[in-house]
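In: generate a structure from the sequence data that follows.
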Amino acid sequence: MQINIYSITKKDISYQALQEELCMQCKQFGAQITHFDFFSQAIKNAQKISPNKAQQSYTQAFLPHLNSAGLNIALTPEGKSYDSVQFAHFIESHNLVQFFIGGAYGLEQSFIKLTHAMSLSAMTFSHKIAKIVLCEQIYRALSILSSHPYHK
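Out: Residues are numbered from 1 along each chain as shown. Okay, the predicted model is just below:
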């Protein structure tokens with residue numbers, strides 16, 4: 001299984017070690033996780049103009065990466081909530097799973113409609129924390145599907 005995590009964020013090495021550790025643990029289940037962080041000058045400029053322009057810039061960054069052969073998931077507070085077992089079964093039959101994490105202003109509804117909308121929590125997380133929670137839940141899902149004792 002290939003899992004791609006796309007996010008609108010500046011690179012930050014402070015949480016990278018934990019992310020990498022979780023991603024390495026997923027390899028034992030045959031999953032490869034790759035992170036793609038976007039924060040171009042166009043995104044920076046759009047965020048200065050308005051929330052709508054910012055969201056449009058996020059969509060422009062993400063659209064080329066949508067893949068109709070895979071499961072595309074947009075993380076948004078309005079998305080569907082899953083418990084860990086439900087999440088595991090949601091992703092299990094896909095060879096390619098892609099997650100999209102918008103910037104400070106969230107994602108455009110037009111982009112969300114092209115994906116499955118999912119919420120990690122009713123709470124708001126920073127990108128750093130959201131990515132770690134997502135990676136941990138991916139590891140937990142793979143553990144569940146492999147009957148590994150981590151989930152217990």
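
In: please count neighbours and contacts with C-alpha atoms only from this point.
Out: Will do.

In: got a pLDDT number for Gln86?
Out: pLDDT for Gln86: 95.

In: are we agreed that it is in a helix?
Out: Yes. According to DSSP: H, G, I helix; E, B strand; the rest coil, Gln86 belongs to a helix.

In: ok, now how distant is it from Lys80?
Out: 11 Å (Cα to Cα, to the nearest Å).

In: which residue is the nearest non-sequential neighbour of Leu71?
Out: Distances taken as Cα to Cα, 6 or more residues apart in numbering put Val97 closest to Leu71, at 4.7 Å, once the chain neighbours are dropped.

In: quick one, phi/psi of the one you found?
Out: phi -120, psi 130 (degrees, to the nearest 10).

In: the residue nearest to Ala61 when sequence neighbours are not counted: what's it in contact with?
Out: Closest residue to Ala61 apart from its sequence neighbours, by Cα to Cα, 6+ apart: Phe38 at 7.3 Å. Contact partners of Phe38, counting by Cα atoms under 8 Å, 6 or more residues apart in numbering, are 6-10, 61.

In: one more pass at 10 Å, please.
Out: Shown in contact with Phe38 (Cα atoms under 10 Å, 6 or more residues apart in numbering): 6-11, 58, 61-62, 102-103.

In: can you pull the phi/psi pair for Gln41?
Out: According to degrees, to the nearest 10, Gln41 has phi -60, psi -40.
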